[in-house]
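**Q** Need coordinates for the following:
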Amino acid sequence: MSVNLTIAVAIIFVLMMLIIINKVRKGKLQLAYSIFWIISGIILIIVLLIPNCISNITNLLGFEVISNMIFFITIVMAFYLILQLMTELSKEAKRNVSLIQEISLLKKRVTDIENEKNKENKGE
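**A** This next block holds a predicted model:
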């Protein structure tokens, strides 16, 4: 990769990390979700700054072509993100069920109290 391209990509990743950190700071992104992106950005910057790092890793892992390794890593990262989001979705679904049950119990309690009050008012 040319020096100009390496510098441009590194600047883009640093800007991306600053945007993520800013979103976390403003409360628009939870820290748990940003850690994945920050670690990925740091790893990508390190890989960019070390010459022939991608080629060496490709050879070490037994891939024949660099693009195959990049596709493999991208697919693994996508599966990880999907698993993480599905886990969070499951937690939220359980929380919704719990909240719905709690609201239903509170509505019943309010209705019962209103009925008792109506009986008392009619009895007077």
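**Q** List the buried residues for the helix or strand of the chain with the lowest mean pLDDT?
**A** Scoring the helices and strands of the chain by mean pLDDT, DSSP states H and E places helix 31-49 at the bottom, with a mean of 83. Neighbour-count burial for helix 31-49, counted by 16 or more other C-beta atoms under 10 Å, picks out 37, 40-41, 44-45, 48. Every residue, glycine included, has its C-beta placed from N, CA and C.
**Q** Would you mind listing where the chain has pLDDT under the threshold?
**A** When residues are selected by pLDDT under 70, those of the chain lie in 1, 123-124.
**Q** Which stretches in it count as helices?
**A** Assigned by DSSP state H, the chain shows helices spanning 3-26, 31-49, 53-61, 66-123.
**Q** if I look at the residue nearest in space to the middle of the chain, how far off is L81?
**A** Nearest to the geometric centre of the chain sits Y33, at 3.4 Å (C-alpha atoms, centre = their mean). Y33 sits 9 Å away from L81, going by C-beta to C-beta, to the nearest Å.
**Q** can you list the domains in the chain?
**A** Segmentation of the chain into domains, based on automatic domain parsing, reads 1-51, 66-124.
**Q** nearest spatial neighbour of the residue nearest to the centre of the chain, skipping sequence neighbours?
**A** When the adjacent residues along the chain are set aside, Y33 lies closest to Q84, with 7.9 Å between them (C-beta to C-beta, 6 or more residues apart in numbering).
**Q** Many thanks, I have nothing further to ask.
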